[in-house]
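Asks: Attaching a predicted model along with its sequence, questions to come.
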Amino acid sequence: MSKGKRAATTQLTHDNWQEEDEAEEAGQFQVASEEQVKQRKIVTARRKLRPDTQTSSNTNGAFSGFQGFGKTSDTTTTAKQTSQSFAFLSNMIKSKINGEEKSGA
C-alpha cells in the first residue's frame with residue numbers, strides 16, 4: 001500500500017497570497033545498500049500492439065487507419081450540396097431587398 005500525498009502545511013487564502021513561504025530544510029534520501037538493490041525487481045513497460053499491426057512490418061503510426069477526414073469523390077457535388085443546404089438564405093436576402101418581411105417559424 002502506498003502512502004498518501006503530502007498534506008499542505010499552510011492554507012492559501014485571499015488574505016495571505018502575497019506572503020513569502022518559509023524556507024524548508026532539504027532532506028536527504030537514504031541510499032539503498034547493494035544487497036537491497038539486487039533484490040529489487042526491475043520492470044519495463046510493454047507496449048500493447050493491435051493484432052492486425054503485429055504481423056505488418058510497414059506501419060504508418062497510430063492514426064494510419066483513420067479515414068474520418070478523407071477526400072470527397074467530387075468537389076462539384078460537394079459545392080452543389082452546400083448551396084442546396086443554404087438555399088433558404090438566398091430567399092431571405094431577396095425578400096429583405098424587396099422590402100418584404102416574413103416572420104420565420
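Replies: Received, thanks.
Asks: okay, now residue 67: neighbour count?
Replies: 8 (other CB atoms under 10 Å). Quick note: C-beta positions are derived from backbone N, CA and C, even for glycine.
Asks: Repeat that for residue 99.
Replies: 6.
Asks: Residue 86 now?
Replies: Neighbours of residue 86 (other CB under 10 Å): 8.
Asks: Next, find the distance separating it from residue 63.
Replies: 32 Å (CB to CB, to the nearest Å).
Asks: go on, residue 29?
Replies: Taken as CB to CB, the span from residue 29 to residue 63 is 42 Å.
Asks: Same question for residue 98.
Replies: For residue 98 relative to residue 63 (CB to CB), the value is 51 Å.
Asks: With residue 7 instead?
Replies: Residue 7 is 42 Å from residue 63, by CB to CB.
Asks: and the two? which has more neighbours close in?
Replies: For residue 7 and residue 63, the more surrounded residue by other CB under 10 Å is residue 63, and the numbers stand at 8 against 5.
Asks: Point out where this structure drops to low pLDDT.
Replies: 1-2, 50-60, 70-83, 100-105 (pLDDT under 70).
Asks: where exactly do the strands run in it?
Replies: Applying DSSP state E to the chain gives no strands.
Asks: Where do the helices of it begin and end?
Replies: Using DSSP state H, the helices found in the chain span residues 34-39, 51-54, 75-85, 87-97.
Asks: Pull the CA coordinates from the last one and hand them back as PDB.
Replies: Right, helix 87-97. Written as PDB, here are the backbone C-alpha positions of helix 87-97 (Å, rounded to 0.1, in the frame of the first residue of the first chain):
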ATOM      1  CA  ALA A  87     -30.700  27.900 -50.300                       C
ATOM      2  CA  PHE A  88     -33.100  29.300 -47.700                       C
ATOM      3  CA  LEU A  89     -30.600  32.200 -47.000                       C
ATOM      4  CA  SER A  90     -30.900  33.400 -50.600                       C
ATOM      5  CA  ASN A  91     -34.700  33.600 -50.300                       C
ATOM      6  CA  MET A  92     -34.400  35.600 -47.100                       C
ATOM      7  CA  ILE A  93     -31.900  38.000 -48.700                       C
ATOM      8  CA  LYS A  94     -34.100  38.500 -51.700                       C
ATOM      9  CA  SER A  95     -37.200  39.200 -49.600                       C
ATOM     10  CA  LYS A  96     -35.300  41.800 -47.500                       C
ATOM     11  CA  ILE A  97     -34.100  43.500 -50.600                       C
END
